[in-house]
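Enquirer: One predicted model, sequence on top.
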Amino acid sequence: MTESEKVAENIAAVNLNNGSLEEDDDIVNPWNVESKSTTGVDYDKLIKRFGSSKIDQELIDRFEKITGKPPHHLIRRGIFFSHRDLHSILTLKEQGKPFYLYTGRGPSSGSLHMGHLIPFVLTKWLQETFDVPLVIQLTDDEKFLWKDLKLEEAMKMARENAKDIIAIGFDVNKTFIFSNLDYLGKCPNMYQNIIRIQKCVTFNQVKGIFGFGDSDPIGKIAFPAAQAAPCLSTSFPFIFGPAKVPCLIPCAIDQDPYFRMTRDVAPRLGFAKPALIHSTFFPALQGAQTKMSASDNNSAIFLTDTPKQIKTKINSKAFSGGRATVEEHRALGGDPDVDVPFQLLRFFLEDDDKLEAVRVAYKKGEMLTGEMKKLAIETISPIVEEHQRQRKLVTEEVLDKFMTLRKLEFSK
C-alpha cells in the first residue's frame with residue numbers, strides 16, 4: 001500500500017466522522033485546521049495519522065554535524081517537528097551531490113501575516129546553509145478555484161505576496177519565484193510534467209487524498225498535479241537542464257497531502273521522492289485551536305500593521321494563559337502553553353535562554369500577563385517594521401527579476 005493509500009483510508013474515516021477520526025481528533029487538511037484542545041493540534045497524533053517521522057535529537061545532531069552550524073531555533077524548539085526523508089537530503093549534502101528547495105504560497109490576501117513568515121524564514125536559512133537553488137510557487141490558480149476571487153485579483157495578489165516574500169531577504173541569484181497563471185504559458189516543460197502526474201493519479205485516489213466531492217469543479221480535482229510538478233526538476237529546464245535533481249520542501253503540515261501524492265508518483269516518472277520538513281501552525285490571536293487566517297484581520301498580525309495596531313491586537317485580542325486576578329496569578333502562575341503572547345515569543349524570540357527564563361517566570365507567577373504581552377509587542381513590532389522597510393525597496397523591476405526565467409548561481 002502506498003503512502004497516499006494508507007492516508008486516504010484515514011481521510012475516508014475523517015469524512016465519515018464529519019472531519020475527525022474520533023470525536024476528540026483534530027481537523028488538519030490544506031483548507032481547514034481546527035483543534036478542540038486549548039493547546040492546539042496534537043502533533044504526535046498527527047505524525048501517526050499522516051505517517052511522517054518525528055524530527056528527533058539524533059536527526060538534529062546529524063544536521064549540525066553535516067552543516068557545521070547549530071540548527072535554526074525553529075528546528076531546535078520543535079516548531080519544525082516532522083519530516084519525510086530528511087536524512088536522504090543530509091546524505092546528499094554529505095556526498096556533495098545537488099538538491100534544491102521548493103516552497104510556495106497561496107495568495108488569498110494582499111499581505112502576508114506573521115504565520116506565513118515561518119516556512120519562508122526557515123527556507124531562507126536552509127538556502128544559505130546548504131547553498132542551493134530555491135523555487136517558490138505562487139498558486140494563484142488554486143486561490144481562484146477555491147476562493148470567491150476574479151482571476152485578475154488572484155494574479156495581482158500573487159505579485160503583492162511575492163514582494164512580501166522577497167522582503168524577507170532571499171538572494172535573487174539563487175531564487176526563482178513564479179506564478180502558475182503566468183509561468184505555465186512560458187515553460188511547456190512544467191505543463192508537460194503536470195500532465196505526466198495527472199496520468200498517474202486516478203479520480204478515486206485524488207478523492208481519497210483530498211476528500212473532493214462530486215460537486216467540486218474539475219479544476220480542483222486537476223490542481224494537485226500543479227502543486228506537485230515543481231518537485232520534478234525538469235519543470236525548470238533553464239535552472240537544471242535535463243538533470244533529475246532531488247528536492248526538499250519546507251512547508252506547514254497541512255500541505256502534506258499534496259506531497260504524499262507526489263511521493264507515490266515521482267518514482268514512476270524516474271525521480272526521487274521529494275523530501276519534506278513540516279512546521280506546526282502559528283496560532284490565531286484568539287488561541288491555538290485554529291491557525292491564523294489571511295481572511296480575518298483580527299486573527300493575525302499582518303506585515304502591513306502599524307506599531308499601534310500590533311500593540312492593540314496583542315493587548316486586546318491575544319488569548320492569555322494568565323489567571324483571573326493578579327493575586328491568583330501570583331499564587332498559581334500562568335500557562336505558557338496556551339498563552340498566545342508567549343507563543344509569539346516562541347516563534348520569533350531567538351534567544352533560547354531568555355525564552356526559557358520568561359516561560360519559567362510566567363509559570364511561577366513572577367511575570368504577569370501584561371508583562372508578557374509587553375515583551376511580545378517589543379519582539380514582534382521591530383520585525384514587522386524592518387520587513388516594511390525592506391518591502392519598500394522591492395520595486396516592480398526587482399520583482400520581475402526574481403520572476404524572470406534564468407540560470408541560478410549555486411554550488412554544484
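Expert: Perfect, I can see it now.

Enquirer: For the stretch 1-150 of the chain, just list every one of the strands.
Expert: 27-29, 32-34, 53-54, 80-84, 100-105, 134-138 (DSSP state E, counting those that start in this stretch).

Enquirer: Just put these in CSV and tack on mean neighbour count.
Expert: The C-beta positions use only the backbone N, C-alpha and C, and glycine is treated the same way. Output for the strands of the stretch 1-150 of the chain, formatted as CSV (neighbours: other C-beta atoms under 10 Å):
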stretch, mean neighbour count
strand 27-29, 21
strand 32-34, 15
strand 53-54, 14
strand 80-84, 23
strand 100-105, 24
strand 134-138, 25
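
Enquirer: Please identify which of the ones you listed is closest to Leu126.
Expert: Proximity to Leu126 (C-beta to C-beta) singles out strand 100-105 among the strands of the stretch 1-150 of the chain, at 5.9 Å.

Enquirer: Can I get the closest one in CSV? Just the C-alpha atoms.
Expert: Output of strand 100-105 as CSV, limited to C-alpha atoms (Å, rounded to 0.1, in the frame of the first residue of the first chain):
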residue,chain,number,x,y,z
TYR,A,100,17.1,22.2,-4.4
LEU,A,101,14.5,23.7,-2.2
TYR,A,102,10.8,24.2,-3.2
THR,A,103,8.2,26.0,-1.2
GLY,A,104,5.1,28.1,-2.0
ARG,A,105,2.4,30.5,-1.1
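
Enquirer: Just give the strands next to it in its sheet, each with its orientation.
Expert: strand 134-138 (parallel), strand 247-252 (parallel) (DSSP bridges).

Enquirer: Low-confidence bits of the protein, can you list those?
Expert: 1-24, 288-296, 411-412 (pLDDT under 70).

Enquirer: pull the longest helix from the chain.
Expert: helix 369-392 (DSSP state H).

Enquirer: circling back: quick one: closest of the strands of the stretch 1-150 of the chain to Leu345.
Expert: So among these, strand 80-84 is nearest, using C-beta to C-beta, at 17.1 Å.

Enquirer: residues near the closest residue to Phe63 other than its chain neighbours, how many?
Expert: Excluding its sequence neighbours, the residue lying closest to Phe63 (C-beta to C-beta, 6 or more residues apart in numbering) is Pro71, at 5.3 Å. Counted with other C-beta atoms under 10 Å, the neighbours of Pro71 add up to 18.

Enquirer: Contacts only, for Pro71.
Expert: By C-beta atoms under 8 Å, 6 or more residues apart in numbering, the contact list for Pro71 reads Ile60, Phe63, Glu64.

Enquirer: now those residues as CSV including neighbour count and distance to Phe259?
Expert: Output for those, formatted as CSV (neighbours: other C-beta atoms under 10 Å; distance: C-beta to C-beta, whole Å):
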residue, neighbour count, distance to Phe259
Ile60, 15, 22
Phe63, 21, 20
Glu64, 14, 26
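
Enquirer: hmm, back to that, looking at the strands of the stretch 1-150 of the chain, which is closest to Glu366?
Expert: strand 80-84 (29.1 Å).

Enquirer: Out of the strands of the stretch 1-150 of the chain, the one nearest Val245 is which?
Expert: Between Val245 and those, the shortest gap by C-beta to C-beta is with strand 100-105, which sits at 5.8 Å.

Enquirer: I figured Gly365 hits His329, correct?
Expert: Yes. The pair Gly365 / His329 is scored as a contact, 5.3 Å apart, by C-beta atoms under 8 Å.

Enquirer: Overlap in contacts, the two.
Expert: Arg323.

Enquirer: closest to Ile118 out of the strands of the stretch 1-150 of the chain?
Expert: strand 80-84 (8.5 Å).

Enquirer: Note down every partner strand of that closest one and its orientation.
Expert: Short version: by DSSP bridges, strand 80-84 pairs with strand 53-54 (antiparallel), strand 275-279 (antiparallel).

Enquirer: how about JSON lines for these, with distance to Phe223 added?
Expert: What follows is the strands paired with strand 80-84, written out as JSON lines (distance: least, C-beta to C-beta, whole Å):
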{"stretch": "strand 53-54", "distance to Phe223": "27"}
{"stretch": "strand 275-279", "distance to Phe223": "19"}
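
Enquirer: Deepest-packed of those strands, please.
Expert: Mean neighbour count (mean count of other C-beta atoms under 10 Å) peaks for strand 275-279 among the strands paired with strand 80-84, with a mean of 26.

Enquirer: From the chain's centroid, how far away is the next helix or strand after it?
Expert: From strand 275-279 onward toward the C-terminus, using DSSP states H and E, the following helix or strand is strand 283-284. Relative to its chain's centre, strand 283-284 lies at 14 Å (C-alpha atoms, centre = their mean, to the nearest Å).

Enquirer: I'd like to know which elements strand 283-284 is packed against.
Expert: strand 287-291, helix 340-348 (3 or more C-beta pairs under 8 Å, 6 or more residues apart in numbering; DSSP states H and E).

Enquirer: Switch the strands of the stretch 1-150 of the chain over to CSV; also include distance to Leu122.
Expert: As requested, these are exported to CSV (distance: least, C-beta to C-beta, whole Å):
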stretch, distance to Leu122
strand 27-29, 19
strand 32-34, 19
strand 53-54, 17
strand 80-84, 6
strand 100-105, 9
strand 134-138, 12
